[in-house]
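[1] I need the structure of the sequence given here:
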Amino acid sequence: MKMYLKLNEFYFLLGLVLYTVGQFLIFIFYNDIEALHSQEPIDFAHWFMLIGVLLLIPQIGNFPKSKWNYISSPTLILGIGLIIGMCVLDFVFWSLKEPELKRQVTEHLINTPEIWKPFMKFNGLLFNLGLLTSSFCYYQNSKTGTLLVLIGTLAIYIGGGWINVLGYILLTIGFYINFIDKNKS
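    Down below sits the predicted model:
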């Protein structure tokens, strides 16, 4: 019995790994926002996250068909869009080298809830909800993988800091098991 991944599944897993690397880099700098914004020559953390979420897109139309697709696909697409917007805002913060200008822009964005709330507050909530509900599409074939995704998602929602990195590792392993179990049947 061969166990294999389809190309879109490989991209999805690679995307989760890259996103996890971005999360890892962010939490290295967790208590030092200036160090995060002084990465050179680029903002590596947010580029990893951006490329990671983009690599998830080819799999969205290929999740097993179930009632969960009506929730999971739109939620994951919306979450990916919000993560992309968050990365763009963080690229702007990274590019501002003058402290006073950075403070003014940050203050302005925080006081503009139409920008701040969706892209900086709700992005992870919807993104992770989309990942979790997408995993539910595999439940019939892969209870173990779905359980790992659930545990990883709970770790991300409850945890913070380094726990997020562990949560995304569990998500990645869970989806890998989901894909392998689905392709075996």
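
[2] Contact partners for residue 70?
    Neighbour list for residue 70: empty [criterion: Cβ atoms under 8 Å, 6 or more residues apart in numbering]. In this view, the C-beta of every residue, glycine as well, is placed from N, C-alpha and C.

[3] Secondary structure element holding it?
    helix 69-95 (DSSP states H and E).

[4] For that helix, give the mean pLDDT please.
    The average pLDDT within helix 69-95 is 95.

[5] following that helix, which helix or strand shows up next?
    Once helix 69-95 ends, the next helix or strand along the chain (criterion: DSSP H and E) is helix 99-110.

[6] Tell me the helices and strands packed up against the next helix or strand after that next one.
    For helix 99-110, the following helix or strand on the C-terminal side (DSSP H and E) is helix 113-116. On a contact count with 3 or more Cβ pairs under 8 Å, 6 or more residues apart in numbering; DSSP states H and E, helix 113-116 meets helix 99-110.

[7] Only the buried residues of the helix it packs on, if you could.
    By neighbour count on 16 or more other Cβ atoms under 10 Å, the buried set for helix 99-110 is 102, 105, 106, 109.

[8] all helices of this structure, in order?
    In chain order, the chain shows helices spanning 7-28, 33-37, 44-60, 69-95, 99-110, 113-116, 123-136, 143-158, 162-184, with DSSP state H as the criterion.

[9] Worst mean pLDDT among those helices?
    Ranked on mean pLDDT, the bottom entry among the helices of the chain is helix 33-37, at a mean of 70.

[10] Counting neighbours, what do you get for residue 76?
    Residue 76 sits with 25 neighbouring residues when counted by other Cβ atoms under 10 Å.

[11] Now it: closest residue in space that isn't a chain neighbour?
    Excluding the flanking residues, the one nearest residue 76 by Cβ to Cβ, 6 or more residues apart in numbering is residue 130, at 2.9 Å.

[12] got the contact list for that neighbour?
    Shown in contact with residue 130 (Cβ under 8 Å, 6+ apart): 72, 73, 75, 76, 77, 78, 79, 80.

[13] how does it look with 10 Å?
    By Cβ atoms under 10 Å, 6 or more residues apart in numbering, the contact set of residue 130 is 56, 60, 71-80, 82.
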